[in-house]
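**Q** A predicted structure for the sequence below; I have some questions about it.
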Number of protein chains: 2
Amino acid sequence: MSDESTGLPPSIEAAWGLRDRPARGPKPGLSLKRIVAAGIAVASAEGLPAVSMSRVAAEVGASTMALYRYVGAKDELLALMVDAAYGPPPQAEPPGGDWREGLSRWAWAELHGVLRHPWALRVPITGPPVTPNQIAWLEQGLRCLGSTKLAESEKLSTILLVSGYVLRWATLATDLGELPGTPGAEAGPEADGKPADDGTAYWQALAKVMDPERFPAVTAVLKAELAGEGSDDFLAEFVFGLERVLDGIEVLVKGRG
Amino acid sequence: MSDESTGLPPSIEAAWGLRDRPARGPKPGLSLKRIVAAGIAVASAEGLPAVSMSRVAAEVGASTMALYRYVGAKDELLALMVDAAYGPPPQAEPPGGDWREGLSRWAWAELHGVLRHPWALRVPITGPPVTPNQIAWLEQGLRCLGSTKLAESEKLSTILLVSGYVLRWATLATDLGELPGTPGAEAGPEADGKPADDGTAYWQALAKVMDPERFPAVTAVLKAELAGEGSDDFLAEFVFGLERVLDGIEVLVKGRG
DNA sequence: TTGATCTGCGTATGTGGTACGCATAATGGC
DNA sequence: GCCATTATGCGTACCACATACGCAGATCAA
């Protein structure tokens, strides 16, 4: 039952620093790190769809199949890319500090991370987090709650809640084209003839297909958005939701304090 | 500038009921509805990866290319599948009712929807919602907030917040294998020799790769999870986060009078 | 009836993930 | 120092899949 097999793919174990290089055999000409870095370079420059095994292999100057000595499948490469894109989490507040301040910082750091690597938002989720940096982020988040009296499972749910908000918001924001740096596949933001999308294209399209009488509430929002309320500082909308989440957590924490 | 082009794909416009059938030409032998239903059938029975254009075509007794008379690309088919899976939203509370009660119902309905169609969680997001049912869900959610004094953009953020929580939670829960009905691609939950995953496999794997001294907070959560706290009723964890979200919103709503 | 128009779909193309197996390189044991 | 052992790089497939293109036949306006 408790033997040493983790059930995790070898490349993930390698990312954890397990799996020392075997004694016999030729030295590896590549490294996981280089491959992952190449994948990130491609994704950053040309978007996630451009990341194919052969494209990444070309980037490191190897053949396609050489990569499979380092990762078991493309999914693993993508997972490792996301992990590397996150990088190590920001340092924790001194223990005993304000949990709200800490979680807020943590959320902002995650936001900045995914905005620097928008492609990471498009990587299909294949399972719960198992890579070192992701776990390290989780660790930092949980530590922020160390001074509270929440149960362990509640802390986990709380972190999940905050992180979920950040990722969802970032995804929608990049979807709406309100942010730079999300090349769909090939072209830059305004490489074609059309003017750069200012984020209203979505609402305009909606206005044309929607019956205002059937959808009065959506119509009201739509009008407000087209009138430009709040779009002058799109981060203000992020702050709004984040404060809501933290308020909700605070209600609970104080109730236990 | 405001001509009649929506910029949306024809199949999406068709889902909105625009685009009457042209007068000339043979009658279509298929329909969007049938194609989408076939896609859902395949996804439900064999998982999202099994949904290929040829597989869906076989399901409706047509050739692969016939589908392209109805949808412009596979992405559109997936979007329409998700829309159909959501279906119409639950009926709104009588106007003026309690917003919290309404939003809570709304969140539960969404949860039940995605648990009935777990594959929908795996459909890659390609843009903001533009399909009729998705907009209808948005409408219902916004209406719940009709009795509050929130600004329009705040209402939108609020709905995004709640929906984001539901979807993230459902995704993680299905990832952990705690739920039935998520066939990865081919096999049922326990088709191979191994016993059905009770949801602890993830935590056990983590325990083996993680250094407890570097990750004390994660280790604490892990121990609690392995000890079985809360896993007896996995929906309790959903409730926890949902109540946090609603509490946070309530703080704001009450602050506005 | 005739021609415009639209449908179903056969064919073909390109791309991408990945199984398999061989030649080659490094190492440990003798 | 020689050889069995063990890894590595990678060439060669294979297969699945999305989708461009174009033709034949159906359908209806005139």
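**A** Arrived safely.
**Q** what's the average pLDDT for stretch A:106-115?
**A** Taken as a whole, stretch A:106-115 carries a mean pLDDT of 96.
**Q** Can you name the residue of the stretch 1-150 of chain A nearest DNA strand D?
**A** Distances from the stretch 1-150 of chain A to DNA strand D, computed as Cβ to the nearest atom of the strand, single out residue A:25 as the nearest residue at 1.9 Å. Every residue, glycine included, has its C-beta placed from N, CA and C.
**Q** Just the element for the residue lying closest to residue A:240 once chain neighbours are set aside, please.
**A** Here the nearest residue to residue A:240 in space, its sequence neighbours aside, is residue B:157; by Cβ to Cβ, 6 or more residues apart in numbering or on different chains that works out to 5.0 Å. Using DSSP states H and E, residue B:157 falls within helix B:152-175.
**Q** how close does residue A:61 sit to residue A:226?
**A** Distance of residue A:61 to residue A:226, computed by Cβ to Cβ, to the nearest Å: 50 Å.
**Q** and those two? which has more neighbours close in?
**A** Here residue A:61 and residue A:226 are set side by side on neighbour count (other Cβ atoms under 10 Å in any protein chain shown), and the busier one is residue A:226, at 14 against 11.
**Q** Distance check, the more buried one against chain B.
**A** Counting by Cβ to the nearest Cβ, to the nearest Å, the gap between residue A:226 and chain B amounts to 11 Å.
**Q** Output the below-cut-off pLDDT ranges for the stretch 101-250 of chain A.
**A** Within the stretch 101-250 of chain A, the stretches falling below the threshold (pLDDT under 70) are A:177-198, A:230-232.
**Q** re the thing from before, secondary structure class for the residue of the stretch 1-150 of chain A closest to DNA strand D?
**A** coil (DSSP: H, G, I helix; E, B strand; the rest coil).
**Q** Can you read off the pLDDT for it?
**A** 75.
**Q** Distance of it relative to residue A:12?
**A** Relative to residue A:12, residue A:25 is positioned 21 Å away (Cβ to Cβ).
**Q** same check, this time on residue A:134
**A** Residue A:134 is 11 Å from residue A:12, where distance means Cβ to Cβ.
**Q** Give me the more crowded residue out of these two.
**A** Residue environment comparison for residue A:134 versus residue A:12 gives the larger neighbour count to residue A:12, 23 against 16, counting by other Cβ under 10 Å.
**Q** How about stretch A:78-94, which residues are buried there?
**A** With burial defined by 16 or more other Cβ atoms under 10 Å in any protein chain shown, the residues of stretch A:78-94 counted as buried are A:78-86, A:89-90, A:92-93.
**Q** In this structure the residue nearest to residue A:240 contacts residue A:242, no?
**A** No. With contacts defined as Cβ atoms under 8 Å, residue B:157 does not count as touching residue A:242, sitting 9.7 Å away.
**Q** Look at those two and report which has more neighbours.
**A** When neighbours are counted by other Cβ under 10 Å, residue B:157 and residue A:242 differ, and residue B:157 comes out ahead with 25 against 22.
**Q** what sits against the more buried one?
**A** A:237, A:240-241, A:244 (Cβ atoms under 8 Å, 6 or more residues apart in numbering or on different chains).
**Q** Show me which of the residues you listed are buried.
**A** Among the contacts of residue B:157, those that count as buried by neighbour count (16+ other Cβ under 10 Å) are A:237, A:240-241, A:244.
**Q** now the residues you listed as a markdown table including secondary structure and distance to residue A:210?
**A** Converted to a markdown table, the buried ones among the contacts of residue B:157 look like this (DSSP: H, G, I helix; E, B strand; the rest coil; distance: Cβ to Cβ, whole Å):
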| residue | secondary structure | distance to residue A:210 |
| --- | --- | --- |
| A:237 | helix | 22 |
| A:240 | helix | 24 |
| A:241 | helix | 24 |
| A:244 | helix | 27 |
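**Q** now those in a markdown table, with distance to DNA strand C?
**A** Written out in a markdown table, the entries for the buried ones among the contacts of residue B:157 read as follows (distance: Cβ to the nearest atom of the strand, whole Å):
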| residue | distance to DNA strand C |
| --- | --- |
| A:237 | 34 |
| A:240 | 38 |
| A:241 | 34 |
| A:244 | 39 |
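**Q** All good on my end, thank you.
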